[in-house]
Structure formats: structure tokens, C-alpha cells
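**Q** here is my input, please return the structure:
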Amino acid sequence: MKHTVTIDARGLNCPQPVLLTKKTLENSDSDVFLVLVDNFVSMENVCRFLKSQGLEPKVLGEKDGQYEIQAHRSAPQNARDMSAAGPVTVSESSEESGLVIFVGSCFMGAGDNDLGVKLMRGFLRTLIDMSFTPWRMIFINSGVKLTSIDDEATEALGMLSEKGVEILSCGTCLQHYKVEDKLAVGRSTTMYEVIETLAKATKVISPD
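**A** Prediction:
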């Protein structure tokens, strides 16, 4: 076993902790890595990325919001060989549609915000009964309120999730609106994964 490589990602904003970890893995032949981050969302995103790259992450401890993540290579090939896998492994069937719905606001349309909220909730409820199923739904900026503190929206999104739709909320946005601990459906994501998802999508719909 080679020496442990330490990756200090403290003080970095999304998606820099994941990108720094990815770069280090690609340029090191070590078997053991120690990643340092300073918030819960970065810890989740880095752990998820490490798993997708064939490593086995373990959170050694947390103190004052600081996390230490130890990861061991568990596959014979290195991360460079697996980089095409992307930050998250999804089932082949869920990715087949290639349709991504990008939600950048908790409102649908501009003008009256109360009306905008009603329209967005109606959009989500109607989507449940459509003949097609999106691959992923990405929520950015105030759109993350729909996955966290809007009970009507989270109920509809929960039903979509049960149909196999991946619900992704921007981790930085969750932190900005102070709702990361209120995320009710789906999981947090990084800008790295958002860009990869949009690049792979065959079609993107934005209802806002």
C-alpha cells in the first residue's frame, strides 16, 4: 500500500472539492486518500464521487463542521480509467429517455409570485400523469425550495421519484437558503454533476 495522499478542500465552494479530488485521483497512484472538507454538503458530494470512482470512502470524524474522509481504492483500475462513469451511477433504463427538466426558480413565469407558485405546483402534479418519464430534474437557486420547504411540491416530486425520476438539488443553493437540513426529496448535487447531466441530456425543459 502506498502512502496516504491528503486533499485539503476546506474553504472551497461547490464544485471545487469534487474537482480537486478528481484531479488528485487522476494524477496519483496512491491507494489511500484523506479528503478534508468544511461543510456537510461537500462531504456528501465528495463521498458520492469517490464511490462512483471505485473507492471506498469512510468519514473518520467531524468537528465544528470539518470532516475527514478516508478513501481506499477497491478496484484494480485507477480513477483515470473510470472517469467516464461520471459522478453518479444511474440505471440504464432511467437514462434512456435523456430528458432533463431544469428548474431555476420556485415560480413558473414572471409577474405575480403567488400565481407563479401555483403554476409551478400544477406543472409538477401534471408531470406525474404524462406518458413520458424524465431522466432527471435539477433544481437551482430558489427552485430548491420546491424540494425542501414546499409541502405540495415535495409531495408531487416524491411521486415522480417513485417513478424513477432522479431529483437533484444544488447543494450551494440549499446552503444559501439555509434549507439543506430540510431537503425532503432527492439529494444534493454539484455544479460538476449539473454540467455533466446537461451535456448528456437529449432534451432539456425549463418550466420557469
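**Q** show me what counts as buried in stretch 46-58.
**A** By 16 or more other C-beta atoms under 10 Å, the buried positions in stretch 46-58 come out as 46, 47, 48, 49, 50, 51, 52, 53, 54, 55, 57. For glycine as for every other residue, the C-beta is placed from the backbone atoms N, C-alpha and C.
**Q** and that stretch, what's its mean pLDDT?
**A** If you average the pLDDT over stretch 46-58, you get 87.
**Q** just how off-centre is it within its chain?
**A** Its chain's average C-alpha position is 14 Å from that of stretch 46-58, according to C-alpha atoms, centre = their mean, to the nearest Å.
**Q** go on, stretch 180-187?
**A** Chain-centre distance of stretch 180-187: 11 Å, with C-alpha atoms, centre = their mean.
**Q** neighbouring contacts of it?
**A** 40-41, 44, 137, 139, 144, 147-149, 154, 157-158, 161, 166-169, 171, 174, 188 (C-beta atoms under 8 Å, 6 or more residues apart in numbering).
**Q** pull it out as PDB, backbone CA atoms only.
**A** Extracted as PDB, the C-alpha positions of stretch 180-187 are listed here (Å, rounded to 0.1, in the frame of the first residue of the first chain):
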ATOM      1  CA  GLU A 180     -30.000  21.900   3.400                       C
ATOM      2  CA  ASP A 181     -31.400  20.100   6.500                       C
ATOM      3  CA  LYS A 182     -34.900  20.300   5.200                       C
ATOM      4  CA  LEU A 183     -34.300  18.600   1.900                       C
ATOM      5  CA  ALA A 184     -37.400  16.300   1.600                       C
ATOM      6  CA  VAL A 185     -37.000  14.500  -1.700                       C
ATOM      7  CA  GLY A 186     -34.000  13.500  -3.800                       C
ATOM      8  CA  ARG A 187     -30.400  14.500  -3.000                       C
END
